[in-house]
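[1] Got a predicted model here, sequence first, then my questions.
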Amino acid sequence: MFIRRLGPDPHLDSAQSPALKGCPDIFELETGDFAIIGKDITRKAIGQLPPGASCGPDEIIVVIPRKTLVAAKPDIPDNQ
């Protein structure tokens with residue numbers, strides 16, 4: 001299922017995460033898709049989505065820190 005982590009390990013250099021639990025993370029899957037571990041903000045955000053955007057019943061909206069995505073940028077493929 002999971003091929004690799006994109007970006008550095010969030011616990012690199014003994015970094016601690018909020019509540020000392022899971023951390024925001026990005027993974028590449030065998031299918032070529034990506035899995036994101038982030039904070040579920042669906043209830044708060046669903047009514048504020050921009051026009052034309054929607055969140056299906058089998059989807060959630062997650063937020064990850066900017067630094068998580070920026071740090072993963074070198075690992076994100078340029079091609080589709």
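    Done, it's in.
[2] how many neighbours does residue 26 have?
    By other CB atoms under 10 Å, the residues close to residue 26 number 21. For the C-beta atoms, the positions are set from N, CA and C on the backbone; glycine is no exception.
[3] Shouldn't it be within a strand?
    Yes. Assessed by DSSP: H, G, I helix; E, B strand; the rest coil, residue 26 belongs to a strand.
[4] Not including adjacent chain positions, what is the nearest residue to it?
    Leaving aside its sequence neighbours, residue 26 sits nearest to residue 6 (CB to CB, 6 or more residues apart in numbering; 4.3 Å).
[5] List the contacts of the one you found.
    26-28, 34, 72, 75-76 (CB atoms under 8 Å, 6 or more residues apart in numbering).
[6] Report the buried members of those.
    Among those, those classed as buried by neighbour count (16 or more other CB atoms under 10 Å) are 26-28, 72.
[7] returning to what we had before: tabulate the contacts of residue 6 (JSON lines), appending distance to residue 12 and pLDDT.
    Formatted as JSON lines, the contacts of residue 6 follow (distance: CB to CB, whole Å; pLDDT from 0 to 100):
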{"residue": "26", "distance to residue 12": "14", "pLDDT": "95"}
{"residue": "27", "distance to residue 12": "16", "pLDDT": "96"}
{"residue": "28", "distance to residue 12": "18", "pLDDT": "96"}
{"residue": "34", "distance to residue 12": "20", "pLDDT": "96"}
{"residue": "72", "distance to residue 12": "13", "pLDDT": "95"}
{"residue": "75", "distance to residue 12": "14", "pLDDT": "94"}
{"residue": "76", "distance to residue 12": "18", "pLDDT": "92"}
